[in-house]
Structure formats: C-alpha cells, structure tokens
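In: missing the sequence, but the structure's below:
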C-alpha cells in the first residue's frame with residue numbers, strides 16, 4: 001500500500017505517524033498482565049480480544065469482546081468500540097495487539113496492548129520463544 005505524497009517522497013499520513021510517536025510514553029502502549037488482572041472490572045476499560053473466534057472460545061480474559069484483527073476496521077466492528085474508555089487489546093503473544101493498538105490510536109481511540117498477550121503461540125506446536133530462547137548468536141557493542 002502506498003499513500004499519496006503531499007511533498008516529494010513524504011506520504012500524507014506521515015504527520016499523523018509522527019504525532020503518534022511523540023505521544024508514546026514509557027509504557028510503550030502496553031499494560032502488563034499483572035496490572036490488567038488488578039484492574040479487571042474497571043468500568044474505564046474495554047477488553048478487546050483480536051484472536052480467531054475459535055481461539056477466543058477456548059479461553060479469554062473475563063469480559064473481553066472478540067473482534068478478529070482482520071475485521072477490526074470494518075465499520076460494524078468500529079461501532080462496537082468505545083471512544084470514552086481505554087481499550088486493552090489482547091492477542092496471542094502481543095504482536096498482533098501492538099499493530100491493532102497503532103491502528104486504533106491513529107483513529108483517535110485510547111488503546112494499549114496486553115504485553116505478552118495470552119502467552120500462546122497462534123501456530124499449534126510452535127512454542128513462544130525469541131531469538132535468545134533459541135540460543136542464537138548475538139553481537140555486543142555498536
């Protein structure tokens with residue numbers, strides 16, 4: 001996807017993206033699972049689970065609403081989201097939630113992602129592990 005350029009080589013969306021980055025605080029738009037657990041039932045929060053409906057049905061955070069992430073920008077889906085609450089986006093491991101958070105914030109919603117999501121890989125049989133967990137080499141220094 002390419003956006004129209006108002007200036008040479010500068011997409012129209014770039015000012016909105018710069019604004020988004022300037023408003024990112026030390027939380028990096030996340031909430032930790034332990035923080036969310038303490039806040040469950042808070043009427044100022046709306047929990048949005050963006051996983052596949054079948055995965056949501058197998059278990060989700062209490063009170064969560066399920067909208068699959070690929071359907072998030074559908075007008076019917078957006079009408080379900082409150083503008084006056086903080087939306088906590090939940091996914092498998094946090095990756096998809098972080099993308100959904102950016103989209104929602106650019107649309108004017110207050111949103112954060114659940115850090116580490118549900119802690120379950122979306123791919124059956126593939127563990128949740130990062131570069132270091134696999135024991136891959138790293139370089140130090142600049």
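Out: Yep, it's here. All values derive from a computational prediction rather than experimental measurement.

In: pLDDT of stretch 35-54, averaged?
Out: Stretch 35-54 comes out with an average pLDDT of 96.

In: following the lengthiest helix in the chain, which helix or strand comes up?
Out: Longest helix in the chain, counting residues (DSSP state H): helix 95-106. Using DSSP states H and E, the next helix or strand after helix 95-106 towards the C-terminus is strand 110-114.

In: now do stretch 22-42: distance from first to last residue.
Out: One end of stretch 22-42 to the other measures 28 Å (Cα to Cα, to the nearest Å).

In: tell me the buried residues in that stretch?
Out: For stretch 22-42, the buried set under the neighbour-count rule, 16 or more other Cβ atoms under 10 Å, comprises 29-31, 36. Quick note: C-beta positions are derived from backbone N, CA and C, even for glycine.

In: nearest spatial neighbour of the spatially most central residue of the chain, skipping sequence neighbours?
Out: Nearest to the mean C-alpha position of the chain, by Cα atoms, centre = their mean, lies residue 97 at 2.1 Å. Nearest non-adjacent residue to residue 97, counting by Cβ to Cβ, 6 or more residues apart in numbering: residue 113, 3.6 Å away.
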